[in-house]
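Structure for this input, please:
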Amino acid sequence: MSLSLFDDSMWSLSAPFFSHHPLSRRGQHPTAELSRFGATDVTEKDDGSLEFHVDAPGLAKEDFDIQVSPENVLTISGSRSTHASSEDSAEAEGAADGDKPTLRWSERSSSSFTRQFRLPQTAKVDEIKASAENGVLTLSVPGGAAKPQPRKIAIQ
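Take a look at the predicted model:
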């Protein structure tokens, strides 16, 4: 009996590994937990403005939801659905009805993220600008007053 990469028995051999691996949850591939989807860098400039860079590969601008609450909490959410079924694959390749491919392995999945940040009271939330390019969402939050400079307090 020869064992092929696409034999059902091959997948049953790997199933125990993926379901009990210390990095996996609920049978996910171990690298799924290492994803940086939604990872965010925040930079504060000298004028008090903030710039957010959010990693979101594969997301279009329609896939994001950005809101600011009355308490100045910025919420950035995004979601993607990239899991293709074997029926979708068959339609994409134009296969005949009797010749539909079977999806044997998929590391792509639907995922989402939500990040929240409390903005300073001096932030001009009505002037926030957002853009998405090359898998990175960028938000610019203008600041009101310059950052206070440290000063020495004399003891009397």
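
any idea which helix or strand comes after the helix or strand of the chain with the lowest mean pLDDT?
Using mean pLDDT, DSSP states H and E, helix 8-20 stands out as the lowest-scoring helix or strand of the chain, at a mean of 44. Toward the C-terminus, helix 8-20 is succeeded by strand 40-44 as the next helix or strand (DSSP states H and E).

Now do the same contact list for Gln121.
72, 144 (Cβ atoms under 8 Å, 6 or more residues apart in numbering). (Glycine included, C-beta is placed from N, CA and C.)

Assign a three-state SS to it, would you?
Following DSSP: H, G, I helix; E, B strand; the rest coil, Gln121 is assigned to coil.

Would you map the helices across the protein?
Ranges of helices in the chain, per DSSP state H, are 8-20, 86-93.

Show the average pLDDT along the last one.
Think helix 86-93. In this model, helix 86-93 has an average pLDDT of 48.

ok, now which ones touch the closest residue to Val42 other than its chain neighbours?
Excluding the flanking residues, the one nearest Val42 by Cβ to Cβ, 6 or more residues apart in numbering is Phe52, at 5.5 Å. Phe52 sits next to 40-42, 74, 76, 117, 137-139, 141 when contact means Cβ under 8 Å, 6+ apart.

With adjacent residues omitted, what lies nearest to Lys45?
Glu51 (7.0 Å).

Next: Lys61.
Ala132 (4.7 Å).

Same check on Ser81?
Here the residue nearest Ser81, using Cβ to Cβ, 6+ apart, is Ser110, at 4.4 Å.

correct me, but the one you found touches Gly78?
No - using Cβ atoms under 8 Å, Ser110 and Gly78 do not qualify as a contacting pair, with a distance of 11.7 Å.

Among the two, which residue is more densely surrounded?
Between Ser110 and Gly78, Gly78 has the larger neighbour count (other Cβ atoms under 10 Å), namely 23 against 9.
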